[in-house]
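Peer 1: turn this into a model:
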Amino acid sequence: MMLVKIASRNILRNARRSLMTMSAIAVGATALVLFGEFVANMTTGLQTQTVRRSGHLSVFRTGYFNFGAGNPAAYGIGDYRSVIRLINEDRLLKPLVNVVTPTVTLFGIAGNFDIDASKTFLGFGVVPSDRDRMRQWDEYGVFRNLVLEDSGLRDDDETRGVVGVGLARILGLCASLKLADCPPRPQTAESPSLKSSARAGALQELAQRDRDTNPSLSNGGAPRLDLLAGTAGGAPNVLSLYVSRAEPQGVKELDDNFVAMHFALAQQLLYGRGERKALGIVLQLHRTEDMPTARARLVTLFTERGLDLEVRDFTELQPFYKQVIGLFGAIFSFIAVIMGVIVLFTVVNTMSMSVMERTSEIGTARAMGVRRRGIRRQFLIEGWMLGAIGATVGLILASVIAFLINRSGFMWTPPSQAAAVPLRVLTSGVGPLNLGVWLGLVVMATLAALLPANRAARLAVVDALRHV
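Peer 2: Got it, this is the predicted structure:
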């Protein structure tokens, strides 16, 4: 206790220098905490967006993940309803699962023959009500103040669909969908048009045949697209899709190709009159932390039943997620190293100056019987106190600034997201971050004081006493 009192008096002896040292430590703590909270908010927001879109876990036929893109129809899950029932009725999985839904992914050509335009598309067949429930998932409360727009899909209307804004622009749907910032298609020089080709004529004929055989189809004023895809048997298949709305996808490549449609329509387009299958079964859990448990249980279930199925989580299906997390982790580590070096040199300089000014005192203390380890301990306690006070002030300052940021109303657009969201830093559940920053800076300040402390402890008593 006496050493703490002596260290406090020595810190106050040169208050200006001590204040500058503690200020540098406080600024470092503030920067690390604020950036760490920003990264935490960024991580939870990106995770929420990913889980809303693709769930936590996906079940596929074995081999689909590696080879299914070349021939998706060959990897369909035939009795997918039984698999869904198996998952829903399992006593271990039932309390963990929020949504279990089948999906179909397919490729093809989307045509708008009213303006002679076509474009390849990437289609996603979903169950509309399940998709709506998945879009409400918000475990971390990231989007609790944002109102979800209408999904544009209905369980009772298989003909409705949603396209990306880029695809709507390319196919000339800007005016009919009343899209802002969507320029009209330019007039191009004459070239072999889609309508004039024999292939396009066949496509139009198939599309007209589909409409003739389905007189109940009604667009309700919505623009129509004709979707062409190859069935599992290799035959061309064309169905009409009425676009209810366009959604920006955040990534241009996806935005220019995205089509979301009713699960039954996607099945009909991909399998024709053959057996209707699902290409995947998506599981969205209540909590992300249950993902390893749920995955292990699924693997056990499929092994026991002899089902040729594999399980993948969203980090495998969305490599961009891991890349973003790794990027921000590397940036945080880089900033932490820089702040650590600043604290190190600042404390070393402060304590070195203190040793020079107190050389005579050190000699007197040594002459009175204080051992070298006592001198060393005294300077280490001073460094520890500088670090503790500076880091504590930094945490308090970070809390105030975080409160102001969260109330500022600033907007920004995160990676892979199309719509702007409020700029926030995560202030809940960041106790380990605050503790880690505090301990790291205190330890760094204490270690920085070790070099001057050793120098003070090694001073010869006679030389120290006659030092002027």
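
Peer 1: which stretches of this structure have low pLDDT?
Peer 2: Along the chain, segments meeting pLDDT under 70 span 1, 145, 187-220, 416, 418, 462-464, 466-468.

Peer 1: need the contact list for G274.
Peer 2: Applying Cβ atoms under 8 Å, 6 or more residues apart in numbering, we find G274 in contact with 231-233. C-beta coordinates here come from the backbone N, C-alpha and C atoms, glycine included.

Peer 1: what's the closest of the residues you listed to A336?
Peer 2: For the contacts of G274, the minimum distance to A336 (Cβ to Cβ) is 53.4 Å, reached by A232.

Peer 1: dump the contacts of G274 into a markdown table; add distance to I87 and neighbour count as well.
Peer 2: A markdown table is the format used below for the contacts of G274 (distance: Cβ to Cβ, whole Å; neighbours: other Cβ atoms under 10 Å):
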| residue | distance to I87 | neighbour count |
| --- | --- | --- |
| T231 | 28 | 17 |
| A232 | 25 | 17 |
| G233 | 30 | 11 |
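
Peer 1: out of those residues, the closest to D130 would be?
Peer 2: Distance to D130 across the contacts of G274 (Cβ to Cβ) is lowest for A232, with 23.6 Å.

Peer 1: now do the helices in the stretch 101-250 of the chain.
Peer 2: Assigned by DSSP state H, counting those that start in this stretch, the stretch 101-250 of the chain shows helices spanning 128-134, 165-170, 174-177, 198-213.

Peer 1: from the contact counts, what lies against the first one?
Peer 2: Think helix 128-134. For helix 128-134, the packing partners by 3 or more Cβ pairs under 8 Å, 6 or more residues apart in numbering; DSSP states H and E come out as helix 15-54, strand 97-112, strand 280-285.

Peer 1: quick one: closest of those to A456.
Peer 2: The minimum distance between A456 and the helices and strands packed on helix 128-134 falls on helix 15-54, with 16.7 Å, by Cβ to Cβ.

Peer 1: what helices or strands is that closest one leaning on?
Peer 2: Applying 3+ Cβ pairs under 8 Å, 6+ apart, we find helix 15-54 packed against helix 128-134, helix 314-317, helix 319-357, helix 372-406, helix 431-448.

Peer 1: just send these back as CSV, with mean neighbour count and distance to E149 too.
Peer 2: Formatted as CSV, these follow (neighbours: other Cβ atoms under 10 Å; distance: least, Cβ to Cβ, whole Å):
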stretch, mean neighbour count, distance to E149
helix 128-134, 19, 11
helix 314-317, 17, 23
helix 319-357, 16, 23
helix 372-406, 20, 24
helix 431-448, 19, 34
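
Peer 1: between these, which gets nearest to S8?
Peer 2: Evaluated over the helices and strands packed on helix 15-54, closeness to S8 peaks at helix 372-406, with 6.9 Å, by Cβ to Cβ.

Peer 1: my read is V259 is in a strand, agree?
Peer 2: Yes: judged by DSSP: H, G, I helix; E, B strand; the rest coil, V259 forms part of a strand.

Peer 1: begin at 330, not 1, for the rest of this chat.
Peer 2: All right, first residue 330 from here; so that's V588.

Peer 1: that one: neighbour count?
Peer 2: Neighbours of V588 under the rule other Cβ atoms under 10 Å: 23.

Peer 1: who's in contact with it?
Peer 2: By Cβ under 8 Å, 6+ apart, V588 lies in contact with 439, 450-453, 490-493, 496, 554, 556, 570.

Peer 1: what about these, which one has the most neighbours?
Peer 2: If you rank the contacts of V588 by neighbour count (other Cβ under 10 Å), V492 sits at the top with 33 neighbours.

Peer 1: save the contacts of V588 as JSON lines, and put in distance to R736 too.
Peer 2: Formatted as JSON lines, the contacts of V588 follow (distance: Cβ to Cβ, whole Å):
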{"residue": "A439", "distance to R736": "45"}
{"residue": "F450", "distance to R736": "43"}
{"residue": "L451", "distance to R736": "40"}
{"residue": "G452", "distance to R736": "42"}
{"residue": "F453", "distance to R736": "38"}
{"residue": "G490", "distance to R736": "40"}
{"residue": "V491", "distance to R736": "35"}
{"residue": "V492", "distance to R736": "37"}
{"residue": "G493", "distance to R736": "34"}
{"residue": "L496", "distance to R736": "38"}
{"residue": "L554", "distance to R736": "44"}
{"residue": "L556", "distance to R736": "47"}
{"residue": "L570", "distance to R736": "44"}
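
Peer 1: mind putting the helices and strands packed on helix 344-383 in JSON lines, distance to L425 included?
Peer 2: Output for those, formatted as JSON lines (distance: least, Cβ to Cβ, whole Å):
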{"stretch": "helix 457-463", "distance to L425": "15"}
{"stretch": "helix 643-646", "distance to L425": "15"}
{"stretch": "helix 648-686", "distance to L425": "21"}
{"stretch": "helix 701-735", "distance to L425": "31"}
{"stretch": "helix 760-777", "distance to L425": "25"}
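
Peer 1: relative to I354, which of these is closest?
Peer 2: Of all the helices and strands packed on helix 344-383, the one in closest proximity to I354, counting by Cβ to Cβ, is helix 701-735 (2.8 Å).

Peer 1: helix 648-686 and the closest one, what's the angle between them?
Peer 2: Taking axes from the mean of the first three to the mean of the last three Cα atoms, to 10 degrees, one finds that helix 701-735 is oriented at 140 degrees with respect to helix 648-686.

Peer 1: V428 contacts I610, correct?
Peer 2: No: V428 is beyond contact range of I610, at 10.6 Å (criterion: Cβ atoms under 8 Å).

Peer 1: tell me the contacts of L386?
Peer 2: 611-612, 614, 620, 623-624, 627, 640-643.

Peer 1: between those residues, which is nearest M697?
Peer 2: Checking the contacts of L386 against M697 by Cβ to Cβ gives M620 as the nearest, at 64.0 Å.

Peer 1: nearest residue to the closest one other than its sequence neighbours?
Peer 2: Spatial nearest neighbour of M620, excluding adjacent residues (Cβ to Cβ, 6 or more residues apart in numbering): H385 at 5.1 Å.

Peer 1: that neighbour is in contact with E618, isn't it?
Peer 2: No: taking contacts as Cβ under 8 Å, H385 lies outside contact range of E618: 10.3 Å.

Peer 1: let me know the closest of the contacts of G603 to G405.
Peer 2: A561 (7.3 Å).

Peer 1: against R342, how distant is that closest one?
Peer 2: Going from A561 to R342 by Cβ to Cβ, to the nearest Å gives 84 Å.
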